[in-house]
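# What shape does this take:
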Amino acid sequence: MNLLLKKVSVLERQIFDFLGYQWAPILANFIHIIIVILGLFGTIQYRPRYITGYAVWLVLWVTWNVFVICFYLEAGDLSKETDLILTFNISMHRSWWMENGPGCTVTSVTPAPEWAPEDHRYITVSGCFLEYQYIEVAHSSLQIFLALAGFIYACYVVKCITEEEDSFDFIGGFDSYGYQGPQKTSHLQLQPMYMSK
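Alright, predicted model coming up:
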């Protein structure tokens, strides 16, 4: 259930990052979706290495989301107005929620300032019930919460799988009087095979 909720949450976030042309979050979300699928596969197939890889990724995922929170809250020298970090300086796009947040009213400003590119519109946004940076912080906070729950779940599943492997009793166990498999001979004897008509 946790993995399904996590997948739905990341897909929702991916959609809004695509709408805002934020390439770094799109790339991070894409990798996260792949790792969640591998974690799900590892759980179903009882493969502790996949689940351990998923748990390690979750640590990186929490780090990424803490960075996004710090970015939007402008902690330290970070500024949400820079294009370099989330868009790789490819575009001047911002969060989709900046213009489309709850209650936001978008007004075009004419004439546009001289420094504004011709292919972009220059707007002002007002009347938002909740500023876009807080919506982004809420998304990242939800991802951190789900990642922590997923990390605990992954550790528990790896523990259960490894305990199950340690307690497995092979046919007859390790007893010296138990089942003895066929012994290998030093050479293999081939017999001709005759076919009747």
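# how far away is the closest residue to residue 104 other than its chain neighbours from residue 66?
Spatial nearest neighbour of residue 104, chain neighbours left out: residue 128 (4.3 Å); criterion: C-beta to C-beta, 6 or more residues apart in numbering. C-beta: built from backbone N, CA, C; applies to glycine. Residue 128 sits 25 Å away from residue 66, going by C-beta to C-beta, to the nearest Å.
# same question, residue 45
Residue 45 is 31 Å from residue 66, where distance means C-beta to C-beta.
# Pretty sure residue 100 is one of the things the residue nearest to residue 104 touches, is it not?
No: the pair residue 128 / residue 100 is not scored as a contact, 9.7 Å apart, by C-beta atoms under 8 Å.
# any chance you could map the strands in this protein?
For the chain, the strands defined by DSSP state E occupy 105-108, 123-126.
# Mind listing what's buried along the first one?
Buried residues in strand 105-108, counting neighbours by 16 or more other C-beta atoms under 10 Å, are absent.
# Which elements pack onto it?
Secondary-structure packing of strand 105-108 (3 or more C-beta pairs under 8 Å, 6 or more residues apart in numbering; DSSP states H and E): strand 123-126.
# Look at residue 128 and residue 66 and report which has more neighbours.
Neighbour count, other C-beta atoms under 10 Å: between residue 128 and residue 66, residue 128 has more, with 18 against 15.
# For that one, give me phi and psi.
Backbone torsions of residue 128, given as degrees, to the nearest 10, read phi -70, psi 140.
# what's the distance between it and residue 99?
Distance of residue 128 to residue 99, computed by C-beta to C-beta: 10 Å.
# and residue 154, what does it touch?
Applying C-beta atoms under 8 Å, 6 or more residues apart in numbering, we find residue 154 in contact with 39, 51, 52, 54, 55, 58.
# Near the last one, how many other residues are there?
By other C-beta under 10 Å, 27 other residues sit near residue 58.
# Enumerate every residue touching it.
By C-beta under 8 Å, 6+ apart, residue 58 lies in contact with 147, 148, 150, 151, 154.
# if I read this right, the second one contacts residue 62, doesn't it?
Yep, that's residue 148 we're talking about. Yes: when contacts are counted by C-beta under 8 Å, residue 148 is listed as touching residue 62 (7.1 Å).
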